[in-house]
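1. Sequence and predicted structure, then a few things I'm wondering about:
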Amino acid sequence: MTITCTMQSASFVVSESEIRTTIEQNQSLISDVQRGEEQYSGSLGWLDVRAQKIDELVRVANRVNQIAEVMIVIGIGGSNRGAVAALQVLKRTSSSPTTLYFAGDTLSSTCLADALAVIEHNSVVLNVIAKDFNTVEPGITFRMLRSAMQAKYGTDFEQRIIVTGSKGSGQLYELAQQHGYTYLPFPADIGGRFSILSPVGLFPLAVAGVDIQNLLKGAFAMQQKVRTIQGIGNPAIGYAILRSLIRKKGIILESLVTFEPDLQHFTRWWIQLFAETEGKTDQVLFPIGFSYSEDLHAVGQYVQQGPRILLETFLDLHYAETNCMIKPSNDVVDGFSYMDGKPFSLLNKAVYQAALEAHSKDGIPCIELNSDCSLNAESLGGLFYFFLFSAYLSARLLGVNPFDQEGVEQYKRNMYAGLGKSGYTK
């Protein structure tokens, strides 16, 4: 997969010479990031995808396919968002006897009831994912669903529980050892939002029939490019530097703009990746997402004539196109005869160009990330890796630690106190 970072529609805000100068000024840091900084070695397990071994994942996935109609994946945030995103993109090219059902990402009692109904009416396996297993949503959901599994399957229920957790420590690992649950590793040197290309994301996708070997193949191909190519010809460097410079011009929001509804969960994954990785300073872009053309009918007016605080990053991917031609309407005059004989896929391309031109000409800086490949498991792996590396580099350009997220702990302390957890007070 090749990604090109096209900067022309942002040139009125940041010139190419500024980009090149900034790259030169930060060359030492960029090279350190490409190698993997020693100070963050405990968080860089994702940087070389060749470290990921999949034989055991495939073996366990095959067993799940033999015994379960549904696998309920219990996790939140980085523990499940990547798999949700990949499954939405690849659902038309993946087949499996086992359907994935995602739970543990909300405290809604209605959603809990829905998950319990899945257990009641289907043969089920649980896969609970957590690095530390102290987060309320997956923790309490696992308790409730585990109880339902025991009631349904009796003494055999433990054979239907798979835990993905930190090896050698933590409650999940201890539970697996005590009760004989199948155990898969949540690598100690990979954080949740960086975990899609680890067992955390790969195992559920293997159960769903995704070709995880090709996913990793595409990721490795992208790894070789972004970790070796120097200068503005490296799309990840260009993207990270351009984002940094645009923020310094007073822009405070970045929207990832996609043109396929199947990328909506990918956008949510991207939002978490950049929000948690960079969000430790007031000099950071706030990540949001638009799905065009639909959102042009919701936020298009604001984008066109609202305050100039927005950067749009257009994700231009070659989706598998159907041979659907627009036929003339001979019986009804509907006002759309100017489209007669055109391929339906042309409409999305026309909207892409129209929005890009209208917004950039009215003062909205736009970055284009263009791909030359159809979106499949291999190219999606490359896309995941591109953004993982870009987020790492972007955070380092800001001077922040890409791998912590201390800011989320405050609300948790308040919640624990409100729920009466020992050691917490308001």
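-> Nice, I can see it.
2. contacting residues around the residue nearest the centre of the chain?
-> The centroid of the chain falls nearest to residue 269 when counting by C-alpha atoms, centre = their mean (2.8 Å). Counting by C-beta atoms under 8 Å, 6 or more residues apart in numbering, residue 269 touches 81, 82, 84, 85, 196. Where C-beta positions appear, they are placed from N, C-alpha and C, glycine not excepted.
3. which other residues reach the worst-scoring helix or strand of the chain on mean pLDDT?
-> Lowest by mean pLDDT, DSSP states H and E among the helices and strands of the chain is helix 409-419, with a mean of 86. Contact with helix 409-419 is made by 136, 423, 424, 425, 426, as judged by C-beta under 8 Å, 6+ apart.
4. Closest one to residue 394 out of those, please.
-> Residue 394 has its nearest neighbour among the contacts of helix 409-419 in residue 136, at 30.2 Å by C-beta to C-beta.
5. So that closest one sits against residue 105, correct?
-> No: Residue 136 lies out of contact with residue 105 (C-beta atoms under 8 Å); the separation is 11.3 Å.
6. ok, these two, which is more surrounded?
-> residue 105 (19 against 15; other C-beta atoms under 10 Å).
7. Surely that one is in contact with residue 135?
-> No: using C-beta under 8 Å, residue 105 is not in contact with residue 135, being 10.0 Å away.
8. Mind listing the shared neighbours of the two?
-> Counting by C-beta under 8 Å, 6+ apart, the residues touching both residue 105 and residue 135 are residue 76.
9. start to end distance for stretch 72-87?
-> 14 Å (C-alpha to C-alpha, to the nearest Å).
10. Relative to the whole chain's centre, how far out is that stretch?
-> 9 Å (C-alpha atoms, centre = their mean, to the nearest Å).
11. quick thing: my sequence starts at 27, can you match it?
-> Right, with 27 as the first residue, what we last looked at is stretch 98-113.
12. State the mean pLDDT of the longest helix anywhere in the chain.
-> The residue-count maximum for a helix in the chain (DSSP state H) belongs to helix 403-424. On average, the pLDDT along helix 403-424 is 98.
13. Can you name every helix or strand that that helix contacts?
-> strand 29-32, helix 53-61, helix 107-116, helix 238-252, helix 261-274, helix 290-304, strand 392-400 (3 or more C-beta pairs under 8 Å, 6 or more residues apart in numbering; DSSP states H and E).
14. nearest to residue 313, of the ones you listed?
-> Of all the helices and strands packed on helix 403-424, helix 290-304 comes closest under C-beta to C-beta, at 4.4 Å.
15. Only the C-alpha atoms, please, for that closest one, written as PDB.
-> Taking C-alpha atoms only, helix 290-304 is exported to PDB below (Å, rounded to 0.1, in the frame of the first residue of the first chain):
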ATOM      1  CA  GLN A 290     -17.200   5.400  10.600                       C
ATOM      2  CA  HIS A 291     -15.700   3.100  13.200                       C
ATOM      3  CA  PHE A 292     -12.300   3.600  11.800                       C
ATOM      4  CA  THR A 293     -12.800   7.300  12.300                       C
ATOM      5  CA  ARG A 294     -13.700   6.600  16.000                       C
ATOM      6  CA  TRP A 295     -10.500   4.600  16.300                       C
ATOM      7  CA  TRP A 296      -8.500   7.400  14.800                       C
ATOM      8  CA  ILE A 297     -10.100   9.900  17.100                       C
ATOM      9  CA  GLN A 298      -9.100   8.000  20.200                       C
ATOM     10  CA  LEU A 299      -5.600   7.400  18.900                       C
ATOM     11  CA  PHE A 300      -4.800  11.000  18.400                       C
ATOM     12  CA  ALA A 301      -6.800  12.400  21.400                       C
ATOM     13  CA  GLU A 302      -5.100  10.100  23.900                       C
ATOM     14  CA  THR A 303      -1.700  10.300  22.300                       C
ATOM     15  CA  GLU A 304      -1.500  14.000  21.900                       C
END
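16. Pull out the buried positions in that helix.
-> For helix 290-304, the neighbour count (16 or more other C-beta atoms under 10 Å) marks 291-304 as buried.
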